[in-house]
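*Asks:* generate coordinates for the sequence data below:
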Amino acid sequence: MTLQDLFTTIEARKTADPETSWTAQLLAKGPEKCAEKFGEEAIEAIIEATRGDKARLTAEAADVLYHLLVMLAASDVRLEDVLAELQRRQGQSGLSEKAARTP
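*Replies:* Prediction:
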């Protein structure tokens, strides 16, 4: 499965019955709840990274990616736009890119 495949499935769940789909339940709660859930999963991944348990970190990383995509879908941000932004940054020093951001 690619991230695009997963994002396409998540987008399709926008019209699914929340009684039959976890993704539809999350999306029905709106962008704020989706962002909250993403934050929770990110923290869990951080904890597992510090513990050194690769299997648990792998599982939590999958949760983070899934919830990031749900948050994007809930906010009507297309994965293609995020990938285009990454493409724009390719070949640019991370230090230069960061310095060019406006505070």
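
*Asks:* do you have the helices of the chain handy? List them.
*Replies:* For the chain, applying DSSP state H gives helices covering 3-12, 22-28, 31-51, 54-74, 79-89, 94-100.

*Asks:* make CSV out of those helices and add mean neighbour count.
*Replies:* For every residue, glycine as well, the C-beta is placed using N, CA and C. Output for the helices of the chain, formatted as CSV (neighbours: other C-beta atoms under 10 Å):
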stretch, mean neighbour count
helix 3-12, 16
helix 22-28, 18
helix 31-51, 15
helix 54-74, 18
helix 79-89, 12
helix 94-100, 9
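
*Asks:* okay, those helices in TSV with mean pLDDT next?
*Replies:* Formatted as TSV, these follow (pLDDT from 0 to 100):
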stretch	mean pLDDT
helix 3-12	98
helix 22-28	98
helix 31-51	98
helix 54-74	98
helix 79-89	95
helix 94-100	77
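
*Asks:* geometric centre of the chain: which residue is closest?
*Replies:* residue 68 (1.3 Å; C-alpha atoms, centre = their mean).

*Asks:* who are the neighbours in contact with that residue?
*Replies:* Contact analysis of residue 68 by C-beta atoms under 8 Å, 6 or more residues apart in numbering lists residue 38.
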